[in-house]
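In: can't give you the sequence, but here's the structure:
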């Protein structure tokens, strides 16, 4: 006890660890002098609080300034409180083992315990996870450690309790699904061996989600019951298979190469939850490559039925077929997939042309087939009929009916004649087949006029290298038939167009069994006769009109698809022709009908295209004009002009008309047809001058007009009377021309007489 003039502390006291030192009834109260008792305050200084057993130094003081803070200047004294530890009994309870499914949350549990009031108990928890378990997806070993620190000493009492809780996470779903367990064939390669490569995959669709999959693969070579290779996730080196994800593949390549044989593979797959699936796969290494055929595509053979039928082995077509794993001598040849069907017998029932299929089979049963042809000649020993058929058509598919087809022999004068039907087809029936027979045709296509400026332009473009001719166009481009295409062909075709020529039989070229022509050099190989040796079941004759390039391949009617009106303007002895609009042209073909009186003494001119090729045909009074110039034509300038140097009447010029096949070649090789109309103005309108028109021969003049003359179609003057503005002519029905002068200007009008 410490004595102070103002405060006296209670006596030192000893208590237990579970006593409440804040209870002053237990620890005591000080005695205060000179101050109210409530001014006594204290502060504790604890030396050690572990397990509530530490001693306490309590300083009592008089809080003279009422601030609840001890100050050295204030009256004080010291009391010592001694606390003794009293141990209790500790009981610990640990959580039991647990089992969860994949979808459940794992509860974080702790240990429970009961201990004395002075004890200080602590717990620690450590988890150890095992992802590979035989009876669960994975396991958790949760270790609990409980320590009473108040009685725990390094060398003395050690109050420690431990326990390991087992937590299992299980999957109640199905095992993984293996993707492919069907039998597999591995093909032998060129050296008749093959690498042994296999692969597989598995899918895990369990409620635990996609898990890591572990594989074991057992391989029994030659399926003899002996395990030769085992690959797996527990193996080492090259035999170890790494785990895969769901859907990923696992692949194995055995060392070395293998010959043909049968093998067994067993696949095992296990997911993380212990579900296992397996399957057995048969592996066959075999030759799967078909033989490579080299055969005659066409053979001939003959027989005499009075001796014996023809027995023809399929092997006779072979000229060097081979296989990668079967010796050539062991290849089997047959006429059907049945390898025993190796000989074909021919007699009078099946003599003639034959379509055959030759099958080549190797020792592993791989087959390849080739279509071939055979003609079995009976040499006249059979009397049964056998047909030979064919067709004759234009190269563009148009029909050529009623043409004669001849079947000849070279060693005799025998000849059989047939005619094509309306479709161009023909057939010979009651015949015997000989090696020296051939077929040719006598074209009876009527004369037709098919050449135009488009054909001429295409031929020019080919010669200039601007646009090559294709297929049958090449044949049509050889206009002069010398198996070449050059400028002479262009000149000849131009001459045919200028002369308004029609085709004759000699202008056609006949081809047999020729569907494709790639170049001009093939013209030398074309033939118009079919040797019976080359008969393939159908004789396909094609007729190509020389020069008709635009229609050689397809019958697409290249006739004009639009019409332009060419305007005719007469002035003196000159006729100018105008196009109605500005237009780009690539060529010109014009034909004018001229009366006989105009067939001489004229010249052809143009302000817009170059020198024109022209010719007057006296046979039909046709003036033909051709130009291959590509120009931009203006409508305000004469496109073409005709001018005569001798005396020509307007009536004669009015008789000029244009032929139906006059045309322009415009953009994209389009033919545009031309027609002609008179140039009319207020000065030469017959309707404004004479009425009625037509009449029986008497016409009234609308205004006082001087009649200079009246002319017929040939330009001859005829007599007339003009009395009191009434013009009278006594003529037969027809068209007449009257020349008048009014106001110092002359004009020509048409009069129509009908009786």
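Out: Thanks, I have it. These numbers come from a predicted model, not from an experiment.
In: where do the helices sit along the stretch 551-700 of the chain?
Out: Assigned by DSSP state H, counting those that start in this stretch, the stretch 551-700 of the chain shows helices spanning 650-654.
In: per-residue confidence averaged over stretch 701-713?
Out: In this model, stretch 701-713 carries a mean pLDDT of 79.
In: kindly report the same for stretch 193-209.
Out: Stretch 193-209 carries an average pLDDT of 86.
In: distance from the chain centre to it, please.
Out: Centroid displacement of stretch 193-209 relative to its chain, using Cα atoms, centre = their mean, to the nearest Å, is 33 Å.
In: number the residues from 502 up from this point.
Out: I'll keep to 502 as the first residue from here, and by that count the last item is stretch 694-710.
In: show me what counts as buried in it.
Out: 695, 697, 699, 701-703, 705, 707, 709 (16 or more other Cβ atoms under 10 Å). Every residue, glycine included, has its C-beta placed from N, CA and C.
In: cool, and stretch 1115-1133?
Out: Buried residues in stretch 1115-1133 (16+ other Cβ under 10 Å): 1115, 1117-1118, 1123-1129, 1132.
In: kindly check the end-to-end length of it for me.
Out: Terminal residues of stretch 1115-1133 are spaced 21 Å apart (Cα to Cα, to the nearest Å).
In: who touches it?
Out: 954, 957-958, 961, 995, 998-1001, 1083-1097, 1100, 1105, 1107, 1109-1111, 1113-1114, 1141, 1143, 1160 (Cβ atoms under 8 Å, 6 or more residues apart in numbering).
In: buried ones from those, can you make that a ChimeraX selection?
Out: The buried residues among those can be selected in ChimeraX (16+ other Cβ under 10 Å) with this line:
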select :954,957,958,961,995,998,999,1001,1084,1086,1087,1088,1089,1090,1091,1092,1093,1095,1096,1105,1107,1109,1110,1114,1141,1143,1160
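In: contacts for the helix or strand hosting residue 717, please.
Out: When elements are defined using DSSP states H and E, residue 717 is found to belong to strand 715-721. Contact with strand 715-721 is made by 699, 727-734, 742, 744-745, 751, 753, 755, 764-772, as judged by Cβ under 8 Å, 6+ apart.
In: which members of those occur in strands, if any?
Out: 699, 730-733, 751, 753, 755, 764-771 (DSSP state E).
In: quick check, nearest of the residues you listed to residue 1234?
Out: In terms of Cβ to Cβ, no member of the ones in strands among the contacts of strand 715-721 lies closer to residue 1234 than residue 699, at 103.2 Å.
In: residue contacts, that closest one?
Out: Per Cβ under 8 Å, 6+ apart, neighbours of residue 699: 685, 718, 752-753, 766, 782, 784.
In: partners of the strand or helix carrying residue 697, with directions?
Out: Residue 697 belongs to strand 695-704 when assigned by DSSP H and E. Note on strand 695-704: by DSSP bridges, its sheet partners are strand 678-679 (antiparallel), strand 750-759 (antiparallel).
In: buried deepest among those strands, which one?
Out: strand 678-679 (a mean of 16; mean count of other Cβ atoms under 10 Å).
In: now the buried members of the ones in strands among the contacts of strand 715-721.
Out: When the ones in strands among the contacts of strand 715-721 are checked for burial by 16+ other Cβ under 10 Å, the buried set is 699, 730, 732-733, 751, 753, 755, 764-771.
In: which of these has the weakest pLDDT?
Out: Within these, lowest confidence goes to residue 771 (87).
In: who does that one bridge with?
Out: On the basis of DSSP bridges, residue 771 is bridged to residue 715, residue 777.
In: residue 542 belongs to a strand?
Out: Yes. Looking at residue 542 with DSSP: H, G, I helix; E, B strand; the rest coil, it is inside a strand.
In: narrow the buried residues of stretch 1115-1133 to those in strands?
Out: Short answer: the buried residues of stretch 1115-1133 in strands (DSSP E) are 1115, 1117-1118, 1123-1128, 1132.
In: which of those sit farthest apart?
Out: The most distant members of these, if one measures by Cβ to Cβ, are 1118 and 1132, lying 26.1 Å apart.
In: now do the helices in the stretch 902-1051 of the chain.
Out: Using DSSP H, counting those that start in this stretch, helices in the stretch 902-1051 of the chain cover 954-964, 973-978, 988-999.
In: how far off centre is the longest one?
Out: Its chain's average C-alpha position is 45 Å from that of helix 988-999, according to Cα atoms, centre = their mean.
In: for the record, mean pLDDT for it?
Out: In the prediction, helix 988-999 has an average pLDDT of 92.
In: buried set for that helix?
Out: 990-991, 994-995, 997-999.
In: reformat those as TSV; add distance to residue 945.
Out: Shown next, in TSV, are the buried residues of helix 988-999 (distance: Cβ to Cβ, whole Å):
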residue	distance to residue 945
990	26
991	29
994	24
995	28
997	21
998	25
999	27
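In: one step back: which of the ones in strands among the buried residues of stretch 1115-1133 lies closest to residue 844?
Out: Nearest to residue 844 among these, with distances taken as Cβ to Cβ, is residue 1127, at 66.5 Å.
In: wasn't residue 892 part of a strand?
Out: Yes. With three-state DSSP as the criterion, residue 892 is located in a strand.
In: that one: neighbour count?
Out: Neighbourhood size, residue 892 [other Cβ atoms under 10 Å]: 19.
In: same thing with residue 636?
Out: Residue 636: 10 neighbours (other Cβ under 10 Å).
In: surely it touches residue 775?
Out: Yes. With contact defined as Cβ atoms under 8 Å, residue 636 counts as touching residue 775 (6.3 Å).
In: hmm, back to that, and which of the buried ones among the ones in strands among the contacts of strand 715-721 is nearest residue 924?
Out: Closest approach to residue 924 among these (Cβ to Cβ): residue 699, at 61.3 Å.
In: next one: the closest one from residue 762, what distance?
Out: Distance of residue 699 to residue 762, computed by Cβ to Cβ, to the nearest Å: 14 Å.
In: for residue 603, same thing?
Out: 44 Å.
In: how about residues contacting stretch 988-1001?
Out: 950, 952-954, 956-957, 960-961, 964, 978-981, 983, 1002, 1048, 1090, 1092, 1114-1116, 1118, 1121, 1123, 1125, 1127.
In: what's residue 532 sitting at in phi/psi?
Out: For residue 532, the backbone dihedrals (degrees, to the nearest 10) come out as phi -110, psi 130.
In: one step back: how about the helices of the stretch 902-1051 of the chain, which one is nearest residue 629?
Out: With Cβ to Cβ, the closest approach to residue 629 among those belongs to helix 973-978: 88.7 Å.
In: run the chain-centre distance for the closest one.
Out: 33 Å.
In: could you give the average pLDDT over it?
Out: Mean predicted confidence for helix 973-978 is 95.
In: just stretch 1092-1107 next, same as before
Out: The average pLDDT for stretch 1092-1107 rounds to 87.
In: span of it from start to end?
Out: Start-to-end span of stretch 1092-1107 (Cα to Cα) is 15 Å.
In: returning to that earlier point: any idea of the angle the strand holding residue 697 forms with strand 715-721?
Out: Computed by axes from the mean of the first three to the mean of the last three Cα atoms, to 10 degrees, the angle separating strand 695-704 from strand 715-721 equals 150 degrees.
In: before we move on, back to that, closest one of the buried residues of stretch 1115-1133 to residue 1055?
Out: Using Cβ to Cβ, residue 1129 comes nearest to residue 1055 of the buried residues of stretch 1115-1133, at 23.6 Å.
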